[in-house]
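S.K.: turn this into a structure:
(2 chains)
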Amino acid sequence: MARSSTSKDAQDLFHSLRSAYLSTPTNLKIIDLYVCFAVFTALIQVAYMALVGSFPFNSFLSGVLSCIGTAVLAVCLRIQVNKENKEFKDLAPERAFADFVLCNLVLHLVIINFLG
Amino acid sequence: MGGKSEPAKSESMATKPDLLITSFFSFKSLKLKTKQQELLLRISILGLVYILAFIARLFSVLRYESMIHEFDPYFNYRTTLFLTEKGFYEFWNWFDSESWYPLGRIIGGTLYPGLMVTAALIYWTLRFLRFFVHIREVCVLTAPFFASNTTLVAYFFGKELWDTGAGLVAAVLIAICPGYISRSVAGSYDNEAVAIFALLLTFYLFVKAVNTGSLAWALASAFGYFYMVSAWGGYVFIINLVPLYVLVLLITGRYSMRLYIAYNCMYILGMLLAMQIRFVGFQHVQSGEHMGAMGVFLLMQVFYFLDWVKYQLNDTKLFQTFLRITVTSAILVGGVAVGVGTASGYISPWTGRFYSLLDPTYAKDHIPIIASVSEHQPTAWSSFMFDYHILLFLFPAGLYFCFKRLTDATIFIVMYGLTSLYFAGVMVRLILVATPAVCLISAIAVSATIKNLTSLLRTKQKVSQTGSTKGAGSSKASSKVTLDQSQPFQKNGAIALLVGVFYLLSRYAIHCTWVTAEAYSSPSIVLAARGAHGNRIIFDDYREAYYWLRQNTATDAKIMSWWDYGYQITAMGNRTVIVDNNTWNNTHIATVGRAMSSYEDEAYDIMRSLDVNYVLVVFGGVTGYSSDDINKFLWMVRIGGGVFPVIKEPDYLVNGEFRVDKGASPKMLNCLMYKLCYYRFGELTTEYGKPPGYDRARGVEIGNKDIKLEHLEEAYTTSNWIVRIYRVKPPTNRL
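M.R.: Take a look at the predicted model:
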């Protein structure tokens, strides 16, 4: 009895999440897709490291951190661009995107230095 | 704004002859608006504070000369010299064979390059502008320069926390606070000189990022953090305080999107930048001290993800199930990861240096080297009073004001103040880290009080109760004044209190100047004393000895001394040493300690095994100098005994007491350190009316006056007998 109710709960959850998500604007969905791609790349790198070992560690770290870093920065961009966030309503989306690009630039410059 | 000043200007033009005379004398004729007047006032105050912070630190340059103080700064000076001569690439990859003979030291990978690179940049900038100064001058004056910059950062931080008034008071307080001056006088070319500036800058930029929610400010705080990591090992404080602050905000429910943006950007970028420093390496992902930050980072992702899902769902029941699943799985995964990491040793536990902050008794039992440094002792109340003066009681007052107006920024400064004061109580050296927080919080108290008092004064003929109640209610002192009191009494009370506040602040300034002049401006490599007629006598024995070494020994000579003097010997004497202040190899130091505390024959074997050519000891018996090697001797025994059980501390004590006179233990009277310090001292009369061989530092007549050295011979003794150098004789031929 309990198992079917939890599976029904899970199905309800899934459906309501899906319907709520479908209503988000396209630009936010693009950012979400980018975040998923970055996290997925990070997971592939971690799986590869588990297979072949972690030497050289700095290369592994720089690879994983570049993925996580750009994912996190994209989430920050999404927060700042999202029209439903009252705190950021007077922040121009161009400014948010410029900050995003600048931080990514710094991130990748450091990654390239760290890659070894 | 511009329109209003136009008619004023034409008016002054019309009555030219009249105003021309008065315009030179009257400020009002400039017709500056209040805002402009205020801006001018603020800029001039900040300018004066900037200059004050610089010149308050110049006492030792004026009294002695422009030289580097203490021990550690000599190493920093030597590395900066190397950097300016050989360039950054050589510096970054430097392996030094002149210290820790025969091990050597990978300097490029074991130092914090921030200070050296900063000084080198200033030096190259000055040279580019055709000011051909010597690098030593730049090194000596780096600390006061950065102290001035810290006052500017304190102003902006105070402005962010409270208002511009608090910022100005904070700048003034931190410019002359003895807690900060002690480690940033001219000549104290140590990491803290730059690190406190970097610390305050990082905190200011982070608080600004949290307040504005802008990625650009978070990026700036990441760079501030990078500068801090490059400058000092105390960056661990930042990487633990900031996550703790985030955690407190999450728990108290004051979190917001701005917090997410600020912390995540700072953490990821800051961590990556910090890993570029070779000395720090991979510690941000492997060391136990940095795991708190990572834990909070992951917690934040989970927390905000749940928040987003809750917002999407708009249905509490479904959300509860989702919450249950996610939270349990997250805790499980996190717990397993931490457990596996710690158990397998991948996540290293807290190192001794920082663990002894959490458990102050740890170092005394397990790591004698950390326990032996005088700066690591617990702080006495007198030290607090000496270093903070009135800030000690202004701090609780400031805490009260901060709690009254709780914002993200004030929560941060309260946490910074409380945690840093706790650590300052554990270790004297950390009073320095607490100083900016204490100054900022005290500034809030002073500024708020003065503002309330002056607003009381300014309520003219208004009998309105609301105005005065607001003023009376929030000021601690005038809360005693009841509403029934007539206006004059309230005003008189306010004036009296204002005079009291100004009197306190002036006493603070006098105290700080006195403390700086008397206590914190001695170079400790040059000693000064008052002669019989009140004239000043300078003891320059250390430099005398090091220059003797430089000019009279072979270039590849190896010097054995206690680790305190290692940096100075390599920097000024330019010779190879066995151990120095880096203290990275405890066994090597214990070997030297064992040699110093053994009989001469055993010590000779150890010295031959280390290729020692000269032995240097510091002796204060003639001058009464109390920081000499005999007073440090028990630490040599403890450190040596910690690795070589053949050295036992009770052998050197008599009834638990450390003595050097006739009643001392025989092992003490014949050990190498005793012989080297007191050789030929038995024939010397040091004080009128006392027998020859009277040790002025210990206040006793020494026990063993007839000292014969078999394997060493005296090479040099400085003019006041403070430094004594002995040559190790080669083994005698077989007869």
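
S.K.: show me what the helix or strand hosting residue B:399 is packed up against.
M.R.: Using DSSP states H and E, residue B:399 maps to helix B:391-404. Contact here means 3 or more C-beta pairs under 8 Å, 6 or more residues apart in numbering or on different chains; DSSP states H and E; on that basis helix B:391-404 packs against helix B:381-388, helix B:408-426, helix B:431-458. C-beta: built from backbone N, CA, C; applies to glycine.

S.K.: off-centre distance for the shortest one?
M.R.: The chain centroid and the centroid of helix B:381-388 are separated by 16 Å under C-alpha atoms, centre = their mean, to the nearest Å.

S.K.: mind listing what's buried in that helix?
M.R.: B:383, B:384, B:386, B:387, B:388 (16 or more other C-beta atoms under 10 Å in any protein chain shown).

S.K.: if we can go back for a sec, CA atoms only for the helix holding residue B:399, dumped as CSV, please.
M.R.: Output in CSV follows, covering the C-alpha atoms of helix B:391-404 (Å, rounded to 0.1, in the frame of the first residue of the first chain):
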residue,chain,number,x,y,z
LEU,B,391,38.3,50.1,22.3
LEU,B,392,37.9,47.4,24.9
PHE,B,393,34.7,48.9,26.4
LEU,B,394,33.6,50.5,23.2
PHE,B,395,33.4,47.0,21.6
PRO,B,396,30.5,45.8,23.7
ALA,B,397,28.8,49.2,23.1
GLY,B,398,29.2,48.7,19.4
LEU,B,399,27.9,45.2,19.6
TYR,B,400,24.7,46.6,21.2
PHE,B,401,24.3,49.1,18.4
CYS,B,402,24.8,46.4,15.8
PHE,B,403,22.2,44.1,17.3
LYS,B,404,19.8,47.0,17.3
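
S.K.: give me the mean pLDDT for it.
M.R.: For helix B:391-404, mean pLDDT rounds to 94.

S.K.: cool, stretch B:408-421 as well?
M.R.: Averaging pLDDT along stretch B:408-421 gives 94.

S.K.: and for the residue of chain B found nearest chain A, the neighbour number?
M.R.: Proximity to chain A, evaluated over chain B using C-beta to the nearest C-beta, is greatest for residue B:215 at 3.6 Å. Number of residues near residue B:215 (other C-beta atoms under 10 Å in any protein chain shown) recorded here: 26.

S.K.: show me what contacts the nearest residue to residue B:549 once chain neighbours are set aside?
M.R.: Of all residues not flanking residue B:549 in the chain, residue B:573 sits nearest, at 3.9 Å (C-beta to C-beta, 6 or more residues apart in numbering or on different chains). Contacts for residue B:573 (C-beta atoms under 8 Å, 6 or more residues apart in numbering or on different chains) come out as B:545, B:546, B:547, B:549, B:550, B:559.

S.K.: one more pass at 6 Å, please.
M.R.: Counting by C-beta atoms under 6 Å, 6 or more residues apart in numbering or on different chains, residue B:573 touches B:546, B:549, B:550.

S.K.: closest one to residue B:259 out of those, please.
M.R.: Nearest to residue B:259, judged by C-beta to C-beta, of the contacts of residue B:573 is residue B:546 at 53.5 Å.

S.K.: and the closest one, which of the three is it?
M.R.: helix (DSSP: H, G, I helix; E, B strand; the rest coil).

S.K.: which sections of chain A are below the confidence cut-off?
M.R.: Applying pLDDT under 70 to chain A flags the ranges A:1-6.

S.K.: what residues does it put near chain B?
M.R.: A:9, A:12-13, A:16, A:20, A:65, A:69, A:72, A:76, A:79, A:85, A:87, A:99, A:103, A:110 (C-beta under 6 Å from any C-beta of the partner chain).
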